[in-house]
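> quick one: sequence and predicted model below, then my questions.
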Amino acid sequence: MKSLSYAISMAAEKRKVYIAMLFIHCVYAGMALFSKAAISKGMNPFVFVVYRQAFAFLALAPFAFFFESSKEVPLSYTLLIKIFFISLFGITLSLNLYYVAINYTSATFAAATTTAIPAITFVMAILLRMESISIKKVHGLAKVLGSVSSLSGALVYALIKGPPLKFMNWFPENLDHQIHPQSSSKGEWIKGSLIMLSANTAWSLWLILQGPIVKEYPAKLRLTALQCFFSCMQSAFWTIAIERRPSAWKIGWDIHLLAVVYCGVIVTGITYWLQVWVIEKKGSVFTAMFTPLALIITAIFSAIMWKEAIYWGSIGGGLLLVAGLYSVLWGKEKENQEIRDNDQKQERKVEVIIV
């Protein structure tokens, strides 16, 4: 009986991780859907970022105070300036570009392009000489081909639509233009696509810079809360400079409030900690493998709720994005495995020499 109960508890523990990942990507899909709905209803994208980051800071600050108050981590002026600029060129720039872009594109496209982030991060890390590559090895070639596939998929998704899927064509063609007037122009769609890729590039830069800054300031919750605070202030100054209408700042009990609270509290607060828990259990590669889930969930709900058409070109681009993602992840995992094997060999040699 004990062995049976132990097996059941172990199976339940394994399922928790998969349930958590499903929940996380449902939340990410909701972020794209609610953001698109709020901005399509007339909310200023820059005001949206200010409110989102304010709610994120308010959600994270109490946890940072209670859970990390015992950590004595010094915060110098130099480090504070570093965090300020990382927030500016990472979170602030990325989020503002993201919400401008989603006004011209769709929630599905926003979810699709996030699958290119690992490839963009890899390319940027090589350019900054923080990542090495060898195309003579299989894992190096896989990462290169995966990056090319991801970026090509993003361009195909943005530029090539093709015919719509017949079984999803349950509404008149002109209805899609009425629901999404901002994305009806091909020129605006291309502009939005380029802005979205720029947003993902800024986010990739932020991800790369997190490694060095976490080493200097290991209190992760406080670091995240601090970056949210700086991002809120930076976005507020920018928005005040370009948006002079006081009415743009008004927010009522509607989709606008729901969207900013959802993105600020649930996405940044709850999902952040849940993802950290999964990474501790299974590793970062495991979590990244579930990224296409958000795209699938967003595409289904966008088609049902917002009557977005799904085109064959979008499917082709999405497949390239997903194939590129898994190729990069596979190459990275193989590279890490090779490093671990080499370290073990070195340890064995040292042991032999000592003996």
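Cool, got the structure.

> I'd say Ala59 and Cys263 touch.
No. Using C-beta atoms under 8 Å, Ala59 makes no contact with Cys263, being 10.6 Å away. Backbone N, C-alpha and C define where each C-beta goes, glycine included.

> please identify which of those two sits among more neighbours.
Cys263 (26 against 20; other C-beta atoms under 10 Å).

> and that one, how far from Met21?
Relative to Met21, Cys263 is positioned 19 Å away (C-beta to C-beta, to the nearest Å).

> ok, then the element right after whatever helix or strand Phe63 lives in?
Element membership of Phe63 [criterion: DSSP states H and E] is helix 45-68. The helix or strand immediately downstream of helix 45-68 is helix 77-86, counting by DSSP H and E.

> which strands and helices sit next to that following helix?
Here helix 77-86 touches helix 186-216, helix 220-242, going by 3 or more C-beta pairs under 8 Å, 6 or more residues apart in numbering; DSSP states H and E.

> which positions within that helix qualify as buried?
Within helix 77-86, the residues scored as buried using 16 or more other C-beta atoms under 10 Å are 82-84, 86.

> now render those as CSV, adding pLDDT.
CSV is the format used below for those (pLDDT from 0 to 100):
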residue, pLDDT
Lys82, 92
Ile83, 92
Phe84, 94
Ile86, 90
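
> of those residues, which is the nearest to Ser70?
Minimum distance to Ser70 across these is 20.9 Å, recorded for Ile83 (C-beta to C-beta).

> surely that closest one touches Arg222?
No. The pair Ile83 / Arg222 is not scored as a contact, 10.1 Å apart, by C-beta under 8 Å.

> need the pLDDT of Glu243.
Looking at Glu243, its pLDDT reads 83.

> wait, I meant Val285
According to the model, Val285 scores 61 on pLDDT.

> can you count the residues close to the nearest residue to Asp254 once chain neighbours are set aside?
Spatial nearest neighbour of Asp254, excluding adjacent residues (C-beta to C-beta, 6 or more residues apart in numbering): Lys41 at 7.7 Å. Lys41: 11 surrounding residues under other C-beta under 10 Å.

> so for the helix or strand Gly324 falls within, mean pLDDT?
Under the criterion of DSSP H and E, Gly324 resides in helix 312-354. In this model, helix 312-354 has a mean pLDDT of 74.

> list the helices and strands that helix packs on?
Looks like helix 312-354 contacts helix 107-113, helix 117-127, helix 138-159, helix 284-288, helix 291-305 (3+ C-beta pairs under 8 Å, 6+ apart).
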